Structure formats: C-alpha cells, structure tokens
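> what follows is a predicted structure for the sequence shown.
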Amino acid sequence: MGYGRIPDEVIEAVLQRHDIADVIGKYVHLTKQGHYLKGLCPFHSEKTPSFTVTPEKQIYHCFGCGSGGNMFQFLREIEGYSFGEAVSHLAEEAGIPVTWEDSNLGQNPQQMDRSKLLEAYEKAAKLYRYILMNTDQGKNALDYVRRRQMSDKLIDSFQIGYAPAMWDTLVQQLQKAGYDLPLMERGGLISARSEGDGYIDKFRDRVIFPIWDAQGKVIAFGGRAIGEVQPKYLNSPETMLFNKSRVLYNFHQARPHIRKTNTMVLFEGYMDVVKAWEAGVKHGVGTMGTALTPEHAEVIRRNAGKVVICYDGDSAGQNAAYKAIPLLEQAGLEVKVAMLPDAKDPDEFITAYGAERFVRDIIEYAAPSIKYKLHYVRRHFRLQEEGDRLRYQQTALKMIADLSSIEREHYLKQLASEFDTSYESLKQDLANHRTKSEKNLTFRDNIDAPWNNGRQNRKEKPKTPLYPAYHNAERQLLAIMMHDQDVCAHVEERLGDEFNVDAHAVLAAYLYAFYAQNPMPNVSRYMAMLQDDKLESLASSIAMIGARHGINETVIDDYIKEIKKYPKQQEIVKKREEMVRAERSGDPLQAAQILSEIIALEKQLKLS
C-alpha cells in the first residue's frame, strides 16, 4: 500500500502521535456528547452543532454538509493543504523528521509558492527582531517600545521587531538566501522600485508586529511609524497568505484562553491587544484597523459564544462598535461592549490607570449590546427638548421590541423611570410596535430554525436520504467491513467488485487492499489511502453507521443477496419495456419470447 513517496511508517507514526480531537479542537470548539464530540461545522454556517468527531475511529463527519474524513482530510479542507503538506505539518508538530524524498510531494506550483513565502516571512520576522534587540539601528525603536511600557518579555511574546530606515535591508537578505524576488514582491515583503529595476523593502523605519495565521505561522506584518510619519500604521497588502478580512491578530495565542472562557475580546489595534495581554486579558484579538467583516464574525462564532467589543472611546471607535454589533449578533453571538471614558483607547487607559482597573471597570463591566445601542443613539437627540425626548422614546421602543420578554420589561422600566413616563403607556406603545413588526415579517435568510443558520429561502428541513434497498445494503456492508477483516474477506470472495454504486466499489477495493497489508481494522488509517475529498466524505458517513450488534453471517449474506438482486431487477424492468415496445409494434411472437425471458429471470430472483 502506498502514499506516493511518503513511507507507511511515517503515516503510522503521525496517526499514532496525534489525536483527531486535538487537531480539530484548534479550529472548532468541541463538547463531549456520549462517545462523540460535537461542534459547529467550520465548513458551513449553522446554529445547532451537526459536526461530529469520533475519537474512537479518529474520524469526523458533518451531518449538515456531508464533509468528513480523518485528520489529514480535515487539514486539507480547512487549510487547503495537499495530502503531503498535511502529513508534513502534523509530522513536524509531533517532532517526526520530514526526511522522505521530495517533502513537497503533492504540492502544486501555488502551494510551493506559499511554502516559500512562509519561509521568507519567518526569516524576515527573525531579522527584524534581531535588529530591534541587538543593533544600534534598532536603539531608537527599542527606546520607543519601552517608553510604551512594553517589557522584554512582552516584546518576545509578540516577536516585535524593527525595520530599519535603509532601503533594501530585507531585499539583500532574501537575495543572499536565494529567494525569488518577484515572488517576494507578490507576497508583500518587498516592492518594485518605481523607477528602474530592482526592489526595495516594503517596511522601513517602523516597529514591526508580525501577523500570524491560526497555526502561528507569520503571514504578514503591521508596521508602526516612529514619529509623525503617515500612515501611522502600515499593513502588508493582501496576498496568497494574508486576507485581512479573515485574519484576527493574535488569534493563535489567544485561542486556548478563548476556549476556556467561551469569550473573545475584540480590539482594533496591535498595541491594544499587546497591552491588554500584559494586563491579563489573554483572550483578546485585533482586527488591525480594518472594519469587522462577516468572515471575522464566522471565525469568532466557531471559537466562542460571547464577544466583548473593546474599541477606542472616541467617536470613530464608538461608530465602529455600533456597526459591528449586528454582524456579530447575526452570527449567533452574545455581544457586549466595553465603554472607555474620555475618548481613550485601551492602550492609553491601561497606561493611565493600570491593568487591574482596566479589567475590573472596562472588560468585566462591559454593557449588553442593547444598553450600548441605546446609549449610542441617544447622542443624536436633544433630550432637553420635549419633541426629541418623545422621538427618542419611540426609537428606543423599536429597539427594545425584539428583545426577550424579561429584557423588554427591564428596559421599559428604565425608560419609564428616566423620563418620568407612564410604564403602562410605554408598554402599550411597545405592543403596537411588535404587532406592526410581525405583520411586516417576510420569509428571509437566517430564519430562526434550530437545524440550520445557512441560507434557507423557504427550504424545508433537510431529511436523511432514503436509499433504495440495494444501496442501503451496500452502505451497511461497507460499514461492517471497515470494522471487521473477516467480513471483508468473506465479501471479497462472495461479491468482489459487484457493488452497484461505483463509489462503493472503489471503497471496497481500497478495503481489500488495506486488509492485505494491515491485520487490524483502523478507519482513520484506511481513509489515509483514499486521498480524495468525495471518497473520504462518503467513507466517513458510512463509518458513522458503525458495526452494529447482532451482525452474523446470515445477515451479511442477506446484504450480498440484496446487492446481487439489483442487476436482475433492472434487467426485468428493461425486458418489460422491450415487451411493451414489441406489442405496440404488432410483433406478438417477439413479445411472447421476451415474456418467457422475464419469467425465467423472476424465477432466478426467487431462488437467489
């Protein structure tokens, strides 16, 4: 049995050294349910978990979208790895030397470019950090960083560096190391000269913040100018590695703390995340100055149930927080907003008042989203004027109308008390708003259905497919074969490749080959042979059936008989159609001949 040029013992070692729950748990928040682990599928949008991980079999399967396979297939789907890249990645994590011939096996040209860029970014990050901490060129930048009250430990944790003012420091290092400079330009590390040939560094005279992907690989940089140079912050451009609409700064370090608290704290900038980390807020990430996107919200949804928005306290920060709330709530998240006084940003607040007060008064005292939204919109009304007071109350009632009954009552009482207004009259106005809103409801995307939060458009709840008898028999038989070598040998002898569904015949052929080399069943190792997305998804759905109790040779033979009957049944259907055509064409002798053939086939069916 072969996996290209990757030795069998490497596949074996990787599968033994990793647990699929740990591999997938880096991407999906999993909770235990009996023998399974469940979570929200990372491959499609949903509210109720249908993504299932089976540690016993080392496989995953989503009953919503059909995705499934072993840990290699998961990494191929979520990271876009080739099979060889997935094996290499897990081997490196487990400390298994990647020494087989052509470790880039299976990589297409784009994947090879990605690998080279990742190498180059790692080299650049180390260069910038060395310059900051060990050279005269970096002395001013290091003084600046320390003036911002960043300790050496913090600098090390976030691998902060410095890009010197020279035009081609990084270009020279990359060229010496033999990197393809046009590729480095496409990857956002360097820029082509505006006049003449050659390249210059993308970042110059800036404090460098490495930006990591979810696995902790450097994929981009953020550069902070020293002094009044504009722009103050400069990010790497979007590349094959970096998409700012999907990446959250510091997510790889924050993830374990996010999982532990089921909460993510959302900041805008690098310094806010870094200083908050030192203040003890370890579950903080940053959007790096860009507006929050649905892709960001989806990453958050997969990893947390709650989010605290902690943007700058100035007008721009409050506006951004207000716009972010509906995106996060539509993703199914519980949202709170940390409100900073005096237009300060988190970094400034921590510097001025200390870590303890920041955590206690800002993060832990974050307001529910509705409270923040009410606070935000009231700024647009002159509440000292009676007309504006009434308009604000009606605006507030519309916002409160969609809340739960307990929340509605709470905020109604607050509104009545604040404006010395009759609670009963406000309650009646609220009821009118709710009635009007319900009349205007139309079917739309994201209908509140427990089984899905994808695009529904009046579709009915998906149902488990009803397979014909022969199809179901093939699935049941394959499920048993995956868990029992003796049954597989019996099926190979009695049925061979006579499965009616082509994909089932392929899975059976791989099972015969697997057991020829492996004496014991191992579903995950078997799936490593397939190296095909559709086959692995199909195999995972069949494997979830399991080897049921009460299976004996009679049951197995009944499945085989059912499978063998189908071609004869199809032949009878075909013969009946031929007989009808013969009768209609006025050929009774031909029709009679075909009828006798049908009778003979039906007798064979009864005897089989």
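Perfect, I can see it now.
> show me the shaky parts of the protein.
Within the chain, the segments meeting pLDDT under 70 span 1-5, 99-108, 437-465, 547-550, 607-608.
> what is the subsequent helix or strand relative to the longest helix seen in it?
Longest helix of the chain, by residue count under DSSP state H: helix 553-584. Proceeding N to C from helix 553-584, the next assigned helix or strand is helix 588-607, under DSSP states H and E.
> got the angle for the longest helix of the chain vs helix 588-607?
Put simply, helix 553-584 runs at 170 degrees to helix 588-607, going by axes from the mean of the first three to the mean of the last three C-alpha atoms, to 10 degrees.
> other SSEs contacting helix 553-584?
Judged by 3 or more C-beta pairs under 8 Å, 6 or more residues apart in numbering; DSSP states H and E, the packing partners of helix 553-584 are helix 469-483, helix 485-494, helix 588-607. C-beta here means a position set from N, CA and C on the backbone, and glycine is covered the same way.
> show me what the longest one is packed against.
So the one you mean is helix 588-607. Helices and strands touching helix 588-607, as assessed by 3+ C-beta pairs under 8 Å, 6+ apart, comprise helix 553-584.
> can you give me the buried ones in the helix it packs on?
556, 559-560, 562-566, 572, 575, 578-579, 582 (16 or more other C-beta atoms under 10 Å).
> now for those residues: which two are most distant?
Spatial extent of the buried residues of helix 553-584 (C-beta to C-beta) is set by the pair Ile556 and Ala582 at 40.3 Å.
> picking that back up, the longest helix of the chain: how far from the chain's middle?
From the chain centre to the centre of helix 553-584 is a distance of 45 Å (C-alpha atoms, centre = their mean, to the nearest Å).
> same check on stretch 409-418?
40 Å.
> name the surrounding residues that touch it.
The contact list for stretch 409-418 (C-beta atoms under 8 Å, 6 or more residues apart in numbering) reads 370, 374, 393, 396-397, 400, 403, 421-423, 426-427, 430.
> what's the burial count for Gln517?
Applying other C-beta atoms under 10 Å, we find 11 other residues in the vicinity of Gln517.
> measure it to Arg494 for me?
From Gln517 across to Arg494, the span is 22 Å (C-beta to C-beta, to the nearest Å).
> can you tell me the SS state at the closest residue to Asp213 other than its chain neighbours?
Leaving aside its chain neighbours, Asp213 sits nearest to Ile219 (4.9 Å; criterion: C-beta to C-beta, 6 or more residues apart in numbering). Put simply, Ile219 is strand when judged by DSSP: H, G, I helix; E, B strand; the rest coil.
> distance of Phe221 relative to Leu495?
From Phe221 to Leu495 the distance is 59 Å (C-beta to C-beta).
> show me which of those two is the more surrounded one.
Between Phe221 and Leu495, Phe221 has the larger neighbour count (other C-beta under 10 Å), namely 24 against 19.
> is it true that the more buried one touches Phe203?
Yes - the pair Phe221 / Phe203 is scored as a contact, 6.1 Å apart, by C-beta atoms under 8 Å.
> find residues that contact each of those two.
Tyr128.
> how far away is Gly496 from Ile155?
65 Å.
> looking at the two, which is more packed in?
Ile155 (19 against 12).
> any idea which element the more buried one lies in?
helix 152-157.
> tally of neighbours for the residue nearest to Asp213?
When counting by other C-beta under 10 Å, one arrives at 24 neighbours for Ile219.
> now do it against Ser245, distance only.
Counting by C-beta to C-beta, the gap from Ile219 to Ser245 is 14 Å.
> any common contacting residues for those two?
In contact with both Ile219 and Ser245: no residue, using C-beta under 8 Å, 6+ apart.
> wait, the residue nearest to Asp213 touches Leu118, no?
Yes - shown here, Ile219 and Leu118 form a contact pair, counting by C-beta under 8 Å, at 7.2 Å.
> any common contacting residues for the two?
With C-beta under 8 Å, 6+ apart as the test, Ile219 and Leu118 both reach Leu241.
> and the host helix or strand of Thr435, which residues are buried?
Mapping Thr435 onto the secondary structure by DSSP H and E places it in helix 423-439. Of all the residues in helix 423-439, those buried under the rule 16+ other C-beta under 10 Å are Leu426, Lys427, Asp429, Leu430, His433, Arg434.
> dump these into TSV; add distance to Glu122 as well.
Shown next, in TSV, are the buried residues of helix 423-439 (distance: C-beta to C-beta, whole Å):
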residue	distance to Glu122
Leu426	60
Lys427	62
Asp429	61
Leu430	57
His433	56
Arg434	56
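> just the helices from the stretch 101-250 of the chain, written as ranges.
109-134, 139-147, 152-157, 169-176, 181-186 (DSSP state H, counting those that start in this stretch).
> packing partners for the third one?
What it means is helix 152-157. Secondary elements touching helix 152-157 (3+ C-beta pairs under 8 Å, 6+ apart): helix 109-134, helix 270-278.
> deepest-packed of those helices, please.
A comparison of the helices and strands packed on helix 152-157 by mean neighbour count, using mean count of other C-beta atoms under 10 Å, puts helix 270-278 on top with a mean of 24.
> next structured bit after that helix?
strand 284-286.
> next structured bit after that next one?
Immediately after strand 284-286, counting by DSSP H and E, sits helix 294-303.
> report the buried residues of that next one.
Within helix 294-303, the residues that qualify as buried are His296, Ala297, Glu298, Val299, Ile300, Arg301, Arg302, Asn303, counting by 16+ other C-beta under 10 Å.
> any chance of JSON lines for the residues you listed, columns distance to Val207?
Putting the buried residues of helix 294-303 into JSON lines (distance: C-beta to C-beta, whole Å) gives the following:
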{"residue": "His296", "distance to Val207": "24"}
{"residue": "Ala297", "distance to Val207": "29"}
{"residue": "Glu298", "distance to Val207": "31"}
{"residue": "Val299", "distance to Val207": "26"}
{"residue": "Ile300", "distance to Val207": "27"}
{"residue": "Arg301", "distance to Val207": "32"}
{"residue": "Arg302", "distance to Val207": "31"}
{"residue": "Asn303", "distance to Val207": "28"}
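> can you list the residue ranges for strands in the stretch 201-350 of the chain?
206-212, 218-225, 233-235, 263-267, 284-286, 306-309, 334-337 (DSSP state E, counting those that start in this stretch).
> other SSEs contacting the last one?
Taking 3+ C-beta pairs under 8 Å, 6+ apart as contact, the helices and strands that strand 334-337 lies on are strand 306-309, helix 315-330, strand 367-368, helix 369-378.
> what lines up beside the shortest one in the sheet?
Same thing as strand 367-368. strand 334-337 (antiparallel) (DSSP bridges).
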